[in-house]
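J.: Sequence and predicted structure, then a few things I'm wondering about:
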2 protein chains.
Amino acid sequence: MASRIAVDAMGGDDAPEAVVVGAIQAIRHTERDLAVLLVGPEERVQDVLDNHPEAPSSSLQVVDAPEVIGMGEAPATAVKQKTNSSIHRGLAAHHDGMTDAFVSAGNTGAVMGASMFILGRIPGVERPSIAGFFPNLQGSSVVLDIGTNVDCKPTHLVQFAQMGTIYARLALDNDDPTVGLINIGEEPGKGNEQVKEAHDRLQEADDLHFVGNVEGGDLLLYAADILICDGFVGNVLLKFGESMTTVLSEMTEQEMDDQGLGPEERALVTGVLSEVRKHFDPESQGGAPLLGVNGNVLIGHGRSSPAVIERMIHAAAEVASVEVVGAIEEAFRPDAA
Amino acid sequence: MASRIAVDAMGGDDAPEAVVVGAIQAIRHTERDLAVLLVGPEERVQDVLDNHPEAPSSSLQVVDAPEVIGMGEAPATAVKQKTNSSIHRGLAAHHDGMTDAFVSAGNTGAVMGASMFILGRIPGVERPSIAGFFPNLQGSSVVLDIGTNVDCKPTHLVQFAQMGTIYARLALDNDDPTVGLINIGEEPGKGNEQVKEAHDRLQEADDLHFVGNVEGGDLLLYAADILICDGFVGNVLLKFGESMTTVLSEMTEQEMDDQGLGPEERALVTGVLSEVRKHFDPESQGGAPLLGVNGNVLIGHGRSSPAVIERMIHAAAEVASVEVVGAIEEAFRPDAA
């Protein structure tokens, strides 16, 4: 069956160029029968497309959206006022069944807000959540929440664990994903009030493979497949981890200067380090799924390159095909227990 | 004037050996007129001392404390029941004026609890706080709180900023330390309820050089001299950062294997990386000050080596000589405003 993905052509620092190129590559580099709707100001998007004669035009369609929500705009206002933005029109296309998913590397808060408004929450889900990815020595863990819910109740944390588990099972092919609760100590009873209660509830939940508390020092060592925390902690940790790409290279440059290394020696060290840094690079991820809304939405980093846009589009097609939304609906149905 | 420092001889994974050796080195490696009281089970400590004929015996004294609080013991119970522990007796010696400071690499919670009990809080300080150190590209920032206060009110965060400022001015020779609030965005109005209110109060405080919110991605890039957060966030971040020492070396080993580097090439890469890793190594710090109690207390990492114990003792002598406690007392006096 064909996959149709709506993409926010104006999302990200290098939009629309990077998005258009990413969409072209996504179509060329897949076995899937894939079509992409590029949503943005028609003329601007078409101009970029015209510069790419290699574009597979039968699989690409431009959907006009005259307004653009900037990366720095206040989401609440933008969501209310710019209802003809690429984010709104892209989500509307998905909501109306024209596409299987919506993908944006634009203003995260606006995508979140407009998704709530246009797609709505899945019944039973109290707080939709953006799931991020955290590197570890085995690959990566899914982290919820990474910034949308900064004041969380224990019940929200439990719901994050449930949605993350469903996502990992279906979209990441992990039959039995383990869940860890980010905390200041391993023993039960550690932590603040919110986390202590969440720990007990996670332990009681029989649809989760809960492995207990996970300390900050164990996050990168592969402590669990899914890591649970409120959006404040998740956001600070995620950005801290991402900054390692810059920090490591600056510290290494400094140290190589101090040691007076020659060009060949520097190339050798940098050759190893640049691979190590990639573990921390948000570019290596394919977009963060917004879980709990009534649709398939993937959100990318503002600095997304064409390669990242390509990965996001493929990931969106995958998320849609495994029917994550249906599975969350099922699990959260009041009579499901 | 002579400095006299009480040291928990049983504190840390390699106690008492590492502590005794660290104390001997501390006395030998300073211009200061320094005496150390080794507090612990008399025979055990004396046995270690007897194996070190180089010990400057006139500057070393063993103070008997028959009980030991283990690293993994529940602090609340241990503080109440083991009143003859090295932690209790060491703090008592400091409280009675026999020493200028107390230093321990033992059970952090027990040192904190016993300090509150024996030394008491400085009037006006609602929550004493352990200040940690965070590496950055310029050196390091002071972080409060790093784990003692996991449920904080905005007023506690403001007090952390005030105590941290006094500490940095006096003990770190920083005339005008900047204060940043760890948050999920730079703009005022970002964050959870606790942090939003703290932001406004920090901005109003005229005894602080507040530079605003600091995101997770900027912490390592030198965003401020003093970083403020609740103990939950601080603890998770601190341990996450410390884990970089292990994580970096494992990732690098893996990568060098993948690239098939020879022994000389590996030695070159490792020679650079081991210096980079040191930025994240808790061993490179000299103990975290417990601020807000009525005395000078420094707490070290459980894995403290003799070199760290030595640095902690020197740091304690410094903290005592610049009279941090007196300055906090002054600033928090009700009529001080």
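T.: That came in fine, so what should we check first? Numbers count the residues shown, from 1 in each chain, chains lettered A, B, ... in the order given.

J.: Direction included, what does the lowest-mean-pLDDT helix or strand in chain A pair against?
T.: None of the helices or strands of chain A scores lower by mean pLDDT, DSSP states H and E than strand A:132-136, at a mean of 89. Strand pairing for strand A:132-136, determined by DSSP bridges: strand A:139-144 (antiparallel).

J.: Tell me which residues of the strand it pairs with come out buried.
T.: A:Ser140, A:Ser141, A:Val142, A:Val143, A:Leu144 (16 or more other C-beta atoms under 10 Å in any protein chain shown). Quick note: C-beta positions are derived from backbone N, CA and C, even for glycine.

J.: excluding its backbone neighbours, what's nearest A:Glu17?
T.: A:Val48 (5.7 Å; C-beta to C-beta, 6 or more residues apart in numbering or on different chains).

J.: sec struct for that neighbour, please.
T.: Here A:Val48 is recorded as helix under DSSP: H, G, I helix; E, B strand; the rest coil.

J.: What segments of the stretch 201-337 of chain A are strands?
T.: Counting by DSSP state E, counting those that start in this stretch, the stretch 201-337 of chain A has strands at residues A:209-214, A:226-228, A:288-291, A:297-299.

J.: scratch that, the stretch 1-150 of chain A
T.: In the stretch 1-150 of chain A, the strands defined using DSSP E, counting those that start in this stretch lie at A:3-8, A:34-40, A:60-64, A:101-104, A:129-130, A:132-136, A:139-144.

J.: Could you identify which of these is most buried?
T.: strand A:101-104 (a mean of 32; mean count of other C-beta atoms under 10 Å in any protein chain shown).

J.: Can you tell me the strand partners of it and which way each runs?
T.: Note on strand A:101-104: by DSSP bridges, its sheet partners are strand A:3-8 (parallel), strand A:297-299 (parallel).

J.: Reformat these as a markdown table; add mean pLDDT.
T.: As requested, the strands paired with strand A:101-104 are exported to a markdown table (pLDDT from 0 to 100):
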| stretch | mean pLDDT |
| --- | --- |
| strand A:3-8 | 97 |
| strand A:297-299 | 96 |
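
J.: Output these as JSON lines; include the columns distance to B:Leu208.
T.: As requested, the strands paired with strand A:101-104 are exported to JSON lines (distance: least, C-beta to C-beta, whole Å):
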{"stretch": "strand A:3-8", "distance to B:Leu208": "41"}
{"stretch": "strand A:297-299", "distance to B:Leu208": "36"}
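
J.: Which residues does the least confident helix or strand of chain A contact?
T.: Applying C-beta atoms under 8 Å, 6 or more residues apart in numbering or on different chains, the set of residues contacting strand A:132-136 from outside is A:140-144, A:146, A:219-223, A:227, A:234, A:237-238, A:241, A:279-280, A:285, A:288.

J.: now those residues: which count as buried?
T.: Of these, these count as buried by 16+ other C-beta under 10 Å: A:140-144, A:146, A:219-220, A:222-223, A:227, A:234, A:237-238, A:241, A:279-280, A:285, A:288.

J.: A:Asp145 and A:Asp151 touch, don't they?
T.: No: contact between A:Asp145 and A:Asp151 fails when scored by C-beta atoms under 8 Å: they sit 10.8 Å apart.

J.: higher neighbour count, those two?
T.: A:Asp145 (29 against 15; other C-beta atoms under 10 Å in any protein chain shown).

J.: and the more buried one, backbone torsions?
T.: Backbone geometry at A:Asp145, expressed as degrees, to the nearest 10, gives phi -100, psi 160.

J.: got the contact list for it?
T.: A:Arg127, A:Ser129, A:Ile130, A:Ala131, A:Cys152, A:His156, A:Phe160, A:Cys229, A:Asp230, A:Gly231, A:Gly234.

J.: check these against chain B, which are close?
T.: When contact is defined as C-beta under 8 Å from any C-beta of the partner chain, these meet chain B at A:Cys229, A:Asp230, A:Gly231.

J.: Not counting sequence-adjacent ones, nearest residue to A:Leu291?
T.: Closest to A:Leu291 by C-beta to C-beta, 6+ apart is A:Met163, at 4.2 Å.

J.: Show me what the helix or strand hosting the one you found is packed up against.
T.: Element membership of A:Met163 [criterion: DSSP states H and E] is helix A:154-171. In terms of contacts (3 or more C-beta pairs under 8 Å, 6 or more residues apart in numbering or on different chains; DSSP states H and E), helix A:154-171 is packed against strand A:129-130, strand A:139-144, strand A:178-182, helix A:193-204, strand A:226-228, strand A:288-291, helix A:306-321, helix A:324-332.

J.: Rebuild the ones you listed as JSON lines, extending it with mean pLDDT and distance to B:Val325.
T.: Formatted as JSON lines, those follow (pLDDT from 0 to 100; distance: least, C-beta to C-beta, whole Å):
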{"stretch": "strand A:129-130", "mean pLDDT": "96", "distance to B:Val325": "45"}
{"stretch": "strand A:139-144", "mean pLDDT": "93", "distance to B:Val325": "41"}
{"stretch": "strand A:178-182", "mean pLDDT": "98", "distance to B:Val325": "35"}
{"stretch": "helix A:193-204", "mean pLDDT": "95", "distance to B:Val325": "31"}
{"stretch": "strand A:226-228", "mean pLDDT": "97", "distance to B:Val325": "40"}
{"stretch": "strand A:288-291", "mean pLDDT": "95", "distance to B:Val325": "47"}
{"stretch": "helix A:306-321", "mean pLDDT": "94", "distance to B:Val325": "53"}
{"stretch": "helix A:324-332", "mean pLDDT": "96", "distance to B:Val325": "54"}
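
J.: Give me the neighbour count for A:Gln203.
T.: 13.
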